[in-house]
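Q: just the structure for this:
(2 chains)
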Number of protein chains: 2
Amino acid sequence: MTERLVVIGGDAAGMSAASQARRRRNSDDLIIDVFEMTQRVSYSACGEPYYISGDVPNIEQLIARTPAQFGQQDITVHLGNTVTEIDTDSRTITVLNGRDSRVVAFDQLVYATGARPVRPPIEGLDLAGVFHLKTLDDAEAIKSAAAGAKSAVVVGGGYIGLEMAEAFHVRGITTTLVTSGAVVMNRSIDEDLGAIVTAGMRERGIDVRPGHRVNCLADQQGHVRGIQLDGGVLGADIVVLALGTRPVSELAAEAGIRIGPTGAVAVDNRQRTSVEGIWSAGDCAEALHRITGRPANVHLGTVANKQGRVAGINIGGDDATFPGILGTAITKVLDIEIARTGLSQSEAESAGIEAVTATTESTTMAGYWPESTEMTLKVTAERRTGRMLGAQIVGGRSAGKRIDTLATGIWNEMDGLAFSMMDLSYAPPFSGTWDPVLIAARRAYERAM
Amino acid sequence: MTERLVVIGGDAAGMSAASQARRRRNSDDLIIDVFEMTQRVSYSACGEPYYISGDVPNIEQLIARTPAQFGQQDITVHLGNTVTEIDTDSRTITVLNGRDSRVVAFDQLVYATGARPVRPPIEGLDLAGVFHLKTLDDAEAIKSAAAGAKSAVVVGGGYIGLEMAEAFHVRGITTTLVTSGAVVMNRSIDEDLGAIVTAGMRERGIDVRPGHRVNCLADQQGHVRGIQLDGGVLGADIVVLALGTRPVSELAAEAGIRIGPTGAVAVDNRQRTSVEGIWSAGDCAEALHRITGRPANVHLGTVANKQGRVAGINIGGDDATFPGILGTAITKVLDIEIARTGLSQSEAESAGIEAVTATTESTTMAGYWPESTEMTLKVTAERRTGRMLGAQIVGGRSAGKRIDTLATGIWNEMDGLAFSMMDLSYAPPFSGTWDPVLIAARRAYERAM
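A: Residues are numbered from 1 along each chain as shown, chains lettered A, B, ... in the order given. A predicted model of the protein is given here:
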């Protein structure tokens, strides 16, 4: 009997699931319909700041695959279709397309609705010139507005905030980043590293205003003219709010699908939800954190792709498991690279793990190599065992991707001493003889023991 | 009773051993004498090509620590002192300094004589303008000769050969690299990857002549004027022979210290030789290959530093073990990065392991990122288990250091599927959503199973 797979949400998780299912089951066996509320599927949200900056000239470059390409694979993509209800008893969804509503039956369903930007409870969010960045439409609107802007304010000191500040700055727009934290990136890396990034941004000409909450947006005839801080109005032609994202889980919750403690959809390691035949993957779903052993909810394309793949393989009849996350992430602001994985000391302690952290100042390449720059590494290890729990890196070019080596060691539950003796690569244009990750791991071990 | 530690050879392994021993035992307990036949200790041989190229302007930049700095640590460095004999019965060494010979007693001895360049049995090696590169003196002599040279030939397609070809090329010298292999780097990476490097070098203006053995060096009044190939004379003002290096183990062999199957000094995992109280570390010593389980002998600063450290910690009374190697290495020629770790398929099969290899073509960063370049990854895995055995990378900037992530996975005996699901970092300026190492590992796994 032919089954129907309905996928809600056509970005990384949903389309990965659809593709993997299709590879294993042909259209006589499985009909696949994807319902996407925007006009595009399968795009790189992470690339949007670089489209706005001009590094990526054409928005089409951010689109991995088009609906037509999915169509050739017998995956039907319904654009501009918003799913308004999931009925788990009748196994149907209700879909809204403009004013038309219809009911579609499913046998299997992948819930991949993603995340949405946090909208703070302040006045003026609907003024012209005020943006969130999520979809390609958002990116196009911001780029268009930026073309005529002389000054920009980015509110939020996280990944998107930094990337948007960079984008405006490289376009020659006077840019201010406002954050409520004491430094930028304070939810991802420790404050001492955040301070290095904050200072580096200022040196490079991006004004950073930490410790500020935005009260409201200043208005001039329906167009934003700045943001209201405690100290007065900070003028801007364009304002981007980058205050984080939240999982879109309401539709699932209303359908009786279990929501986990993070507010995202609870899933097992095969991406099954609490309802038979309903799967979830991506930003809207939880993921097991390998170190805390608890569910987490991160909004990263890496996790969405992997979870979607796992769901699709299982729907396809093969067997796949998602092994969990470490919360590995990387970004850059201009030439400053920032990366992290695993737990910081305070995160470890919140999870009930006694931990220590060692900071190592080093250089990205041999100290005498002309392109070498400063790099700071922090490694957190479990007290008494020396097991590595997490790492953070801030530095110049080539600093950040070293996080993958640390993540691989942490993934394998290595202690810092064992890690420090690994056979890693060295040549002067690439590192010191002891790659700094080795030294950083050893120092954390020594402190832990 | 005060003991005397004698260290033969004052570069990475010897000085690491001396420093670590000294940290644990003061000079009332342990006298440390280092005998070094050249005029310098503790320098970066790996940095020499970049001193010759001009990337590193001053030779002092390549010196990590001076004899005076070691002196402050109560480590006495005897420069220009060649050890001519080790007597394991009387526990003395004979040291030659100019024409003066003396006998020095020891309680502990670290044999860290390093490696020497292979001198091929061809005529003309002593002509002016013909060089090997090993010591800082060699580097100074080559740089001095290069200042007046218009054309250079580098013989040898390995690490030093490529680095020297780059050095001459960036100095504006017409440069030809001659190798007996079908492509460059054929002892480190597979021929298909070596072909990419060979083509890349040619595109960038370095002439590469593969498949050539050098018969002799052409002479003009005592100065080299080129090399004699089968097809005639290839003219050059300067010739560097980079035909590999061999461990300096004769002195140890003559003393009855056991030499292993590789021709280097046999050691256990604490760096002990077959003679009580005599230790060995670095290029002259063997190292356990973690995958083959057999002794290997690699000439790399990474291994020398680690082994010297282990010897010194043990001499110092603490306990350290050297966990073995994977043969991880990296270099670059201009903007082409080359890295490898573990076993290739043929190396695996020589070691009796049935293996498969998958090749993955990818890009260093997101495909749409303007600085992204091509990158080719090969991963070798054990047939039927999918356990990763080795990896090779050739690509543009940021390609090479990815080998460390693969090396860490291989070190931990991960199979390619488990590796492929790890939580590695992603942002468009750094990689695709699935870092190419993940994809390459999965493909090797799929081929293996």
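Q: do stretch A:229-244 and chain B meet at all?
A: No: using C-beta under 8 Å from any C-beta of the partner chain, stretch A:229-244 never reaches chain B; the gap is at least 14.8 Å. C-beta coordinates here come from the backbone N, C-alpha and C atoms, glycine included.
Q: hang on, residue A:391 is in a helix, isn't it?
A: No: read with DSSP: H, G, I helix; E, B strand; the rest coil, residue A:391 is strand and lies in no helix.
Q: assign the residue nearest to it when sequence neighbours are not counted to helix, strand or coil.
A: The shortest distance from residue A:391 to any non-neighbouring residue, by C-beta to C-beta, 6 or more residues apart in numbering or on different chains, is to residue A:406 (4.0 Å). When classified by three-state DSSP, residue A:406 comes out as helix.
Q: and if you look at residue A:50?
A: State at residue A:50, reduced to three classes by three-state DSSP: helix.
Q: also the one 5 residues further on?
A: Residue A:55 falls in the coil class when you classify it by three-state DSSP.
Q: return the residues in contact with it.
A: Residue A:55 sits next to A:170, B:369-370 when contact means C-beta atoms under 8 Å, 6 or more residues apart in numbering or on different chains.
Q: name only those of the residues you listed that count as buried.
A: A:170, B:369 (16 or more other C-beta atoms under 10 Å in any protein chain shown).
Q: narrow the contacts of residue A:55 to those in helices?
A: Among these, the ones falling in helices (DSSP state H) are residue A:170.
Q: what's the closest of the contacts of residue A:55 to residue A:271?
A: Distances from residue A:271 to the contacts of residue A:55, taken as C-beta to C-beta, are shortest for residue B:369 (29.7 Å).
Q: the closest one and residue A:213, how far apart?
A: Distance, residue B:369 to residue A:213, using C-beta to C-beta, to the nearest Å: 35 Å.
Q: can you check residue A:140 too?
A: Relative to residue A:213, and taking C-beta to C-beta, residue A:140 is found at 29 Å.
Q: what's the neighbour count on the residue nearest to residue A:391?
A: Residue A:406 has 31 neighbours, counted by other C-beta atoms under 10 Å in any protein chain shown.
Q: buried residues in stretch A:18-34?
A: A:18-22, A:25, A:30-34.
Q: equivalent analysis for stretch A:127-140, please.
A: A:127, A:129-136, A:138-139.
Q: narrow those residues to those in helices?
A: A:136, A:138-139.
Q: do the longest helix anywhere in chain A and chain B come into contact?
A: Scanning chain A for the helix with the most residues, using DSSP H, yields helix A:301-315. Yes: Helix A:301-315 reaches chain B (C-beta under 8 Å from any C-beta) through A:301-303, A:305-306.
Q: which of those ranks first by neighbour count?
A: Among those, residue A:306 has the most neighbours (other C-beta under 10 Å), with 29 neighbours.
Q: how about the contacts made by the residue nearest in space to the middle of chain A?
A: Of all residues in chain A, the one closest to the mean position by C-alpha atoms, centre = their mean is residue A:300, 3.1 Å from it. Applying C-beta under 8 Å, 6+ apart to residue A:300 gives the contacts A:283, A:329, B:426.
Q: helix/strand/coil for the first one?
A: When the structure is split into helix, strand and coil by three-state DSSP, residue A:283 lands in coil.
Q: residues contacting the residue nearest to it when sequence neighbours are not counted?
A: Nearest residue to residue A:283, sequence neighbours excluded (C-beta to C-beta, 6+ apart): residue A:115, at 3.8 Å. Shown here is residue A:115, whose contacts under the criterion C-beta under 8 Å, 6+ apart are A:245-248, A:283-284, A:299.
Q: what subset of those is buried?
A: A:245-248, A:283-284, A:299.
Q: phi and psi next, for the residue of the stretch 151-300 of chain A found nearest chain B.
A: Nearest residue of the stretch 151-300 of chain A to chain B: residue A:300, at 7.2 Å (C-beta to the nearest C-beta). Phi and psi for residue A:300, reported as degrees, to the nearest 10, are phi -140, psi 140.
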